[in-house]
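Engineer: can't give you the sequence, but here's the structure:
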């Protein structure tokens, strides 16, 4: 047996599999991640089938359900009861899923796209532009995210659109830093150097090597950012800053009067919070699961 | 070492100027303007003009900015529109309240988080390890205000063990020389006051500390797991040291270093959380004060309060940086 | 505690160590036996993955969580260390048997002073006051050749150079005057010029005190001049055991021959080829059922593929585990050829 044959045999033994297939394999076996998927599926289900799930509209008051003008708890007609404005709580929870998902997706989209552009420019071009961009990002990161969002919403005025914009802007430096770091790391890494030394041309290096490696942390961060976005928006809603129109069913805003509900109908104070918890937990579980699944250090091992 | 500190202090100045500019710009662009808040429905163009002249709001922005900075340096932060008291006076009661809360929260987070993380690392792969991981994930997933609501509901409303709102018993008429209620109780040698203060702090502190707790637990666990496999731990064992000493002197001392790096981050989280927690518990600290300020369009409060907080934040980060250099000999001697 | 008459000071017998991993069991050490007496110097030579470090770590109970001793014994003064409780082991570790590790940068705690780390060993095993321990530590640092020892007690590991750090490690190991010192690749992480110094220091100290030395290394060059006896390890077993003289003059195992041949010689004729050993180290996922070196061996015979060869004596004090050992004069001839060209 020649050396070359020996070594080829040994490499074959290593059973190469694609990065994605490997990762999927690991992800599916992660119980936490699967729980997260279940949670998020439930939320998505509610969002899509809201009109069929809810028996009442979320913004049509039913004053007959009020008890002496007070909100009431679960009953046969209103599964989750009604709130101070006589809206059906169950409907609001179910329709609220739409808002939360929308919020998550839009804010991450804003943060990701702007962050991608800024981070890529900084990473590829380098030099003064890099320094300037990163300095701006650092300043943004120095301010706690939620507070920054409050400030932006105060500036822009209440309303879901502004809230999504504000929270999205807060996400930008996170993604920008991530992308830039990823690109820098890949640029200097040994295997890119080796590829260039062998004569592979830059664009192919980019596509075949840099991108797959750089993309994994972004996917993980995007999922985790969804969780953060939902929590932040809920917080803004709780403070009363999120809605221009109080009829909109946003989970955080539904808790603004929670202090009032606590004594009379605690159920109303708890249910929206649970909904937020489940969504955030779901995204966090998925994000963690993805991180473990895509960790290159674990790649190649079963 | 001294050079390090001085250099850092000098770097602060441009940052603070930058922040003051940002705050100024922000406040002056808030919708509604100060006149709306003050005059409300009575507002007429004539009154608006009069008000603006009175408060110097007609002058060009740069001049207003300079006046703003000058008054900042003199310590004059303006007068709250809502309460008619000077902002400085308000801060004098509000700030210590939040500090007490934040400190309690951090003590809670570290006192529970570090041992929890340590034990989880030692029992890696076991039930307690997984339970700890899950709990810490829960900790970052549960919105602070929701946790606050639940705690309030269970312990205050239902069980009645703890008070629901405020900093001290409504009926109490106590002197508060330092405005740190804890400290005051000790100074006045009043155990009931101390207990009262403690009872009011407990639930908000737990709610506020939940996120730092989760983070500290996770980091401690990861750190201990890493350090346990380091060569120098093997050397320590090879020297025949008892496991307790190995853990204390070799594992923990190194494992705890990364935690200090996130302390700066924690302060930011505490501030954000404070706004929400204080609102739930009607706790009279900076957080609820600022939240009210935004709602009331109380511009002096926002200008002065946020600037103050920014300075505090920057200083705290500086202190954290310095203390990290102190504990880590590798940085100290470079 | 005195050993029974005729009992070696430290004796490993038939040791087998396995690691449990998610990929399956790794059979790291498959039946290894050696013994040292006071003043002996033994070298265990092998590649990475041969199991040489593992056998020492196993004897001292320092295996990582995934490792276990599945057979054999490691007896110190007649007591089997493998079966000892951790508590009893602790009183021996550092005091009777000490270990020097490979990389002094990672093997020293970065947040404790050097003085503290050496003092620890002293204060744990010997009942010394702090001042006594301090002065002893300064003496130790002095003896290993660190200048201004008293001042350097308060320094941290990163303030020392690589060679100084290893000297400090040696001081730490010898602090309690152990009877056996195991040095695991003590010079691998150091510059070549420093390597000789450290080895020289080690040799001096060991001779001074009559300590038994087990030197683990992959570098045959380190062995000559340091150790009286050499055991060559491959694939978890000893393939050749001999005195240093015998090994360097008349290697009988194909692997040993290969090791000696793969070192380029300064007096080789120009144009001669290098002789690497073909192939790569064995994957240890299956228990040994044949000669571990067989896949890379050009002298293999049928039996090599069927059974694990036992160690067989070929001259006094020289044993080989091979079904087709290399002829006695093979190495001598090869050397002559290389020089002649």
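Structural biologist: Right, received. Where do you want to start? Note that the coordinates shown come from a computational prediction; the quantities given were computed from them, not determined experimentally. Numbers count the residues shown, from 1 in each chain, chains lettered A, B, ... in the order given.
Engineer: C-alpha only now, for contacts and for neighbours.
Structural biologist: Noted.
Engineer: specify the local secondary structure of residue 280.
Structural biologist: Just so you know, I chose chain A. Three-state call for residue A:280 (DSSP: H, G, I helix; E, B strand; the rest coil): helix.
Engineer: show me what contacts it?
Structural biologist: Residue A:280 sits next to A:226, A:227, A:228, A:230, A:231, B:141, B:142 when contact means CA atoms under 8 Å, 6 or more residues apart in numbering or on different chains.
Engineer: which of those tops the neighbour count?
Structural biologist: Among the contacts of residue A:280, the one with the most neighbours (other CA atoms under 10 Å in any protein chain shown) is residue A:230, at 30 neighbours.
Engineer: circling back: export the contacts of residue A:280 as CSV, with columns for secondary structure.
Structural biologist: Formatted as CSV, these follow (three-state DSSP):
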residue, secondary structure
A:226, helix
A:227, helix
A:228, helix
A:230, helix
A:231, helix
B:141, helix
B:142, coil
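Engineer: farthest-apart pair in these, please.
Structural biologist: Spanning the widest gap among the contacts of residue A:280 are A:226 and B:142, at 14.0 Å by CA to CA.
Engineer: chain B contacts on the stretch 51-200 of chain C?
Structural biologist: C:60, C:62, C:89-95, C:98-99, C:101, C:106-111, C:120-121, C:124-125, C:156, C:158, C:173 (CA under 8 Å from any CA of the partner chain).
Engineer: among those residues, name the buried ones.
Structural biologist: C:60, C:62, C:89-95, C:98-99, C:101, C:107-111, C:120-121, C:124-125, C:156, C:158, C:173 (16 or more other CA atoms under 10 Å in any protein chain shown).
Engineer: show me the residues you listed that map onto helices.
Structural biologist: C:60, C:89, C:90, C:91, C:92, C:107, C:120, C:121, C:124, C:125, C:173 (DSSP state H).
Engineer: what are the buried residues along stretch C:12-30?
Structural biologist: Neighbour-count burial for stretch C:12-30 [16+ other CA under 10 Å]: C:12-19, C:25-30.
Engineer: for residue 36, which non-adjacent residue is spatially closest?
Structural biologist: All of this is about chain A. Spatially, and ignoring its direct neighbours in sequence, residue A:36 is nearest to residue A:282 (3.9 Å; CA to CA, 6 or more residues apart in numbering or on different chains).
Engineer: let me rephrase: I mean chain C.
Structural biologist: residue C:10 (5.4 Å).
Engineer: pretty sure the one you found is touching residue C:80, no?
Structural biologist: No: Residue C:10 lies out of contact with residue C:80 (CA atoms under 8 Å); the separation is 9.7 Å.
Engineer: in terms of neighbours, single out the busier of these two.
Structural biologist: Per other CA under 10 Å, whichever of residue C:10 and residue C:80 has more neighbours is residue C:10, with 24 against 16.
Engineer: for the more buried one, give me its contacts.
Structural biologist: C:35, C:36, C:37, C:74, C:75, C:76, C:77, C:78, C:180.
Engineer: can you pick the most crowded of those?
Structural biologist: Counting by other CA under 10 Å, top hit in the contacts of residue C:10: residue C:180 with 29 neighbours.
Engineer: hang on, isn't that one packed against residue C:94?
Structural biologist: No: at 9.6 Å, residue C:180 does not count as touching residue C:94 under the criterion of CA under 8 Å.
Engineer: okay, and the common contacts of those two?
Structural biologist: Going by CA under 8 Å, 6+ apart, no residue sits against residue C:180 while also sitting against residue C:94.
Engineer: now stretch C:253-260, how far from the centre of its chain.
Structural biologist: Relative to its chain's centre, stretch C:253-260 lies at 18 Å (CA atoms, centre = their mean, to the nearest Å).
Engineer: which non-adjacent residue is nearest the residue of the stretch 101-250 of chain C found nearest chain A?
Structural biologist: Taking CA to the nearest CA, chain A has its nearest neighbour within the stretch 101-250 of chain C at residue C:235, 16.6 Å off. Nearest residue to residue C:235 in three dimensions, chain neighbours excluded: residue C:50, at 4.9 Å (CA to CA, 6+ apart).
Engineer: related to what we said a few turns ago, need the contacts of residue A:280 in JSON lines (columns: pLDDT and distance to chain C).
Structural biologist: Listed next are the contacts of residue A:280 as JSON lines, based on pLDDT from 0 to 100; distance: CA to the nearest CA, whole Å:
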{"residue": "A:226", "pLDDT": "93", "distance to chain C": "34"}
{"residue": "A:227", "pLDDT": "94", "distance to chain C": "33"}
{"residue": "A:228", "pLDDT": "91", "distance to chain C": "35"}
{"residue": "A:230", "pLDDT": "93", "distance to chain C": "38"}
{"residue": "A:231", "pLDDT": "93", "distance to chain C": "38"}
{"residue": "B:141", "pLDDT": "93", "distance to chain C": "32"}
{"residue": "B:142", "pLDDT": "93", "distance to chain C": "35"}
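Engineer: burial measure for the closest residue to residue A:239 other than its chain neighbours, as a count.
Structural biologist: In space, and not counting its chain neighbours, residue A:239 is closest to residue A:256: 6.4 Å by CA to CA, 6+ apart. If you count neighbours by other CA under 10 Å, residue A:256 ends up with 21.
Engineer: how about residue A:256, phi and psi?
Structural biologist: In terms of degrees, to the nearest 10, the main-chain angles of residue A:256 are phi -60, psi -40.
Engineer: settle this for me: the residue nearest to residue A:36 is touching residue A:37, isn't it.
Structural biologist: Yes: Residue A:282 is within contact range of residue A:37, at 6.5 Å (criterion: CA under 8 Å).
Engineer: where are the low-confidence patches of chain C?
Structural biologist: C:1-5, C:268-269, C:271-274, C:341 (pLDDT under 70).
Engineer: my bad, chain A
Structural biologist: In chain A, residues with pLDDT under 70: A:1-19, A:65, A:67-73, A:191-192, A:195-196, A:199-212, A:296-302.
Engineer: and it, which residues reach chain B?
Structural biologist: So far as CA under 8 Å from any CA goes, chain A lies against chain B at A:143-144, A:146-147, A:151, A:154-157, A:227, A:231, A:234-235, A:238-239, A:258-259, A:262-263, A:266, A:269-270, A:273, A:276-277, A:280-281, A:284-285.
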